[in-house]
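Student: Give the three-dimensional model of this entry:
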Amino acid sequence: MRALKSRYLLGLFLVLTLVLAACGGDDDTPAPTPGIGSVSVIHQWVSGGEPESFRAVMSPWENASGGKVDDHGTRDLLDILTIRVAGGNPPDIAMLAAPGTMRMFARDGALVALDSFLDMDKIRNEYSQAWIDMGTVDGKLYGIPYKAANKSTVWYNPKVFDANGLQVPETWNELIALSDQLVASGLSPWSIGVESGGTSGWPGTDWIGQLLLSEYGAEVYDQWLIHEIPWTDSRVRSAWEKFGQIALTPGYVSGGADFVLSANFAAASSLPFDSPPKAAMYFLGSFAQGFIEGQFPGLVIEEDYSFFPFPPVNPQYKGAVTSGADLLVMFNDSEASRSLMEYLATAEAQEIWARRGGFTSTNKQVSLTSYPDALAAKVAEQLTSAEIVRFDADDIWGGDLQAAFFQGVLDYLADPSRLDSILEDIEAVAEQQLG
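Tutor: Predicted coordinates for the structure are as follows:
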């Protein structure tokens with residue numbers, strides 16, 4: 001990694017210019033600073049308006065700095081990065097999909113420590129410690145969690161709750177009591193679908209990870225993540241059993257286990273919002289909002305559909321959130337790379353994409369009024385205020401362990417009496433992959 005003779009400080013002028021450019025300037029807008037070169041950026045944003053939104057974010061920086069962003073979107077990001085890093089030709093900046101990938105590159109010496117040039121007082125003021133910890137390896141900051149997903153959202157039909165005099169549950173026990181009350185009223189409390197082609201089973205893994213974090217907290221979750229405790233541990237088993245308590249209790253899921261196994265995860269989001277409703281609740285990440293709106297474009301937010309945070313099993317861990325996020329990392333140290341990294345970490349830059357929709361920021365200074373609707377703002381508020389945040393486990397593991405976890409969910413739903421052998425089988429794969 002080449003050394004840097006830094007002269008990059010764009011300072012207050014650049015920040016003000018970026019804000020003006022993002023809002024649309026006039027004849028009084030300061031002229032751009034002299035060009036500072038180009039920056040290559042690789043990411044996974046290839047569809048759904050994401051590439052266009054990213055370009056919208058980049059444009060103010062290019063105008064203000066005189067620099068140029070050469071960005072490349074690909075679904076094969078990890079393969080391409082691995083090849084380019086091994087060949088000594090990494091991009092300047094990348095958006096990584098998992099902390100495990102970031103740790104691998106950081107410990108191989110491929111990444112630039114961001115705290116070597118970022119204003120860490122500013123970072124600590126704008127990002128919660130949980131998010132800073134996610135981007136930290138061996139005491140140094142290597143990643144900024146950038147575009148996040150909240151995986152701790154329970155979607156529901158408020159009209160069903162109002163008609164039955166129901167309250168949003170604040171604990172796991174209240175959630176079970178609520179489910180029993182709905183069954184007694186003649187309505188299935190839950191819709192669950194785990195079918196997803198070659199990755200079928202993954203929605204069930206989101207339940208299990210969230211339940212483990214909500215019952216036993218971050219320390220146990222982290223031990224599970226790095227295989228310091230086995231899959232046969234009673235605490236891990238408890239998370240599976242609680243998932244089964246929802247998915248397998250007679251009357252809890254419309255259509256029972258057969259429906260859960262055969263229903264596509266996106267299509268299953270429709271049941272609480274059908275007319276008449278066929279269920280009351282549906283657990284899936286914040287991206288489920290798009291599925292719901294796509295199927296029912298006439299629904300009114302907070303009147304016809306909303307979400308509540310996943311209730312803690314142990315009140316001590318109230319507000320614990322499982323998430324996904326693209327992590328902003330830097331491979332090459334240059335004036336232009338530093339300048340772009342500083343810009344991307346700011347609330348001003350992230351508000352541009354937030355206003356366009358389909359983006360949740362982890363920066364606490366991004367105004368909630370920047371989001372296009374109340375639910376998007378609610379998702380962001382839950383993420384930025386969470387004191388316990390952990391990345392979705394199977395996205396970190398990948399490989400055979402991820403596949404075994406997915407298959408284990410399918411096997412458990414088909415025959416819950418096999419839980420012990422299922423956990424033993426996954427444990428064998430974990431020992432092979434993680435040691």
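Student: SS state for the residue nearest the centre of the chain?
Tutor: When the chain is reduced to its mean C-alpha position, the nearest residue by C-alpha atoms, centre = their mean turns out to be Gly324, at 2.1 Å. Classification of Gly324 into helix, strand or coil gives strand, according to DSSP: H, G, I helix; E, B strand; the rest coil.
Student: Next one: it, what pLDDT does it get?
Tutor: pLDDT for Gly324: 87.
Student: Equivalent analysis for Tyr156, please.
Tutor: The per-residue pLDDT of Tyr156 was computed as 97.
Student: so what's it bridging to?
Tutor: Met281, Ser306 (DSSP bridges).
Student: Which parts of the stretch 301-435 of the chain are helices?
Tutor: If DSSP state H, counting those that start in this stretch is used as the criterion, the helices of the stretch 301-435 of the chain fall at 335-344, 347-356, 374-385, 393-397, 399-414, 419-434.
Student: Of all the ones you listed, which one is nearest Val194?
Tutor: Of all the helices of the stretch 301-435 of the chain, the one in closest proximity to Val194, counting by C-beta to C-beta, is helix 399-414 (6.3 Å). C-beta: built from backbone N, CA, C; applies to glycine.
Student: Just the CA atoms of that closest one, as CSV, please.
Tutor: Provided in CSV are the C-alpha atoms of helix 399-414 (Å, rounded to 0.1, in the frame of the first residue of the first chain):
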residue,chain,number,x,y,z
GLY,A,399,-20.3,-21.1,2.7
ASP,A,400,-21.3,-24.5,3.9
LEU,A,401,-22.3,-23.4,7.4
GLN,A,402,-24.8,-20.9,5.9
ALA,A,403,-26.2,-23.7,3.7
ALA,A,404,-26.4,-26.1,6.6
PHE,A,405,-28.3,-23.5,8.7
PHE,A,406,-30.8,-23.0,5.9
GLN,A,407,-31.3,-26.7,5.5
GLY,A,408,-31.6,-27.2,9.2
VAL,A,409,-34.5,-24.8,9.3
LEU,A,410,-36.3,-26.8,6.6
ASP,A,411,-35.6,-30.1,8.3
TYR,A,412,-36.8,-28.8,11.7
LEU,A,413,-40.1,-27.5,10.2
ALA,A,414,-40.6,-30.8,8.5
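Student: My guess is Gly358 contacts Glu50. True?
Tutor: Yes - here Gly358 lies in contact with Glu50, judged by C-beta atoms under 8 Å, at a distance of 6.8 Å.
Student: So for stretch 145-159, what gets flagged as buried?
Tutor: Residues of stretch 145-159 classed as buried by neighbour count (16 or more other C-beta atoms under 10 Å): 145-158.
Student: Straight-line length of that stretch, end to end?
Tutor: Using C-alpha to C-alpha, to the nearest Å, one end of stretch 145-159 lies 36 Å from the other.
Student: so where is the stretch 1-150 of the chain shaky, pLDDT-wise?
Tutor: Along the stretch 1-150 of the chain, segments meeting pLDDT under 70 span 1-34.
Student: try 80 this time
Tutor: Low-confidence segments of the stretch 1-150 of the chain (pLDDT under 80): 1-35, 48.
Student: Helices of that one, start to end?
Tutor: For the stretch 1-150 of the chain, the helices identified by DSSP H, counting those that start in this stretch occupy 11-23, 50-65, 77-86, 99-107, 120-126, 129-134, in order along the chain.
Student: What helices and strands are in contact with the biggest helix by length in the chain?
Tutor: Scanning the chain for the helix with the most residues, using DSSP state H, yields helix 202-225. Helices and strands touching helix 202-225, as assessed by 3 or more C-beta pairs under 8 Å, 6 or more residues apart in numbering; DSSP states H and E, comprise helix 234-247, strand 281-283, strand 321-330, strand 389-391, helix 393-397, helix 399-414.
Student: can you redo the ones you listed as TSV with distance to Ser191?
Tutor: As requested, the helices and strands packed on helix 202-225 are arranged in TSV below (distance: least, C-beta to C-beta, whole Å):
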stretch	distance to Ser191
helix 234-247	11
strand 281-283	5
strand 321-330	20
strand 389-391	25
helix 393-397	22
helix 399-414	14
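Student: closest to Ile301 out of these?
Tutor: Smallest distance to Ile301 across those (C-beta to C-beta): 15.8 Å, for strand 281-283.
Student: ok, the residue nearest to Gly35 when sequence neighbours are not counted - how many residues close by?
Tutor: Spatial nearest neighbour of Gly35, excluding adjacent residues (C-beta to C-beta, 6 or more residues apart in numbering): Gly66 at 3.4 Å. For Gly66, the number of neighbouring residues by other C-beta atoms under 10 Å comes to 15.
Student: Next, Gly66: phi, psi?
Tutor: Gly66 adopts backbone torsions of phi 80, psi 0, taken as degrees, to the nearest 10.
Student: Which residue, neighbours along the chain excluded, lies closest to Val112?
Tutor: Residue nearest to Val112 in three dimensions, not counting chain neighbours: Met330, with 4.4 Å by C-beta to C-beta, 6+ apart.
Student: picking that back up, the residue nearest to Gly35 contacts Val39, correct?
Tutor: No - under the criterion of C-beta under 8 Å, Gly66 is not in contact with Val39, lying 12.0 Å apart.
Student: got the domain boundaries for the protein?
Tutor: The chain is divided into the following domains under automatic domain parsing: 11-149+323-390, 153-318+398-434.
Student: where's Leu77 relative to Leu284, distance?
Tutor: The gap separating Leu77 from Leu284 is 24 Å, by C-beta to C-beta, to the nearest Å.
Student: hmm, I was thinking of Gln167
Tutor: When distances are taken as C-beta to C-beta, Gln167 and Leu284 turn out to be 22 Å apart.
Student: can I get the helices of the stretch 1-150 of the chain in CSV with mean neighbour count and distance to Ala393?
Tutor: As requested, the helices of the stretch 1-150 of the chain are arranged in CSV below (neighbours: other C-beta atoms under 10 Å; distance: least, C-beta to C-beta, whole Å):
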stretch, mean neighbour count, distance to Ala393
helix 11-23, 16, 36
helix 50-65, 19, 25
helix 77-86, 16, 17
helix 99-107, 19, 10
helix 120-126, 14, 26
helix 129-134, 19, 13
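Student: now those as CSV including distance to Phe391?
Tutor: CSV is the format used below for the helices of the stretch 1-150 of the chain (distance: least, C-beta to C-beta, whole Å):
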stretch, distance to Phe391
helix 11-23, 29
helix 50-65, 20
helix 77-86, 15
helix 99-107, 5
helix 120-126, 19
helix 129-134, 6
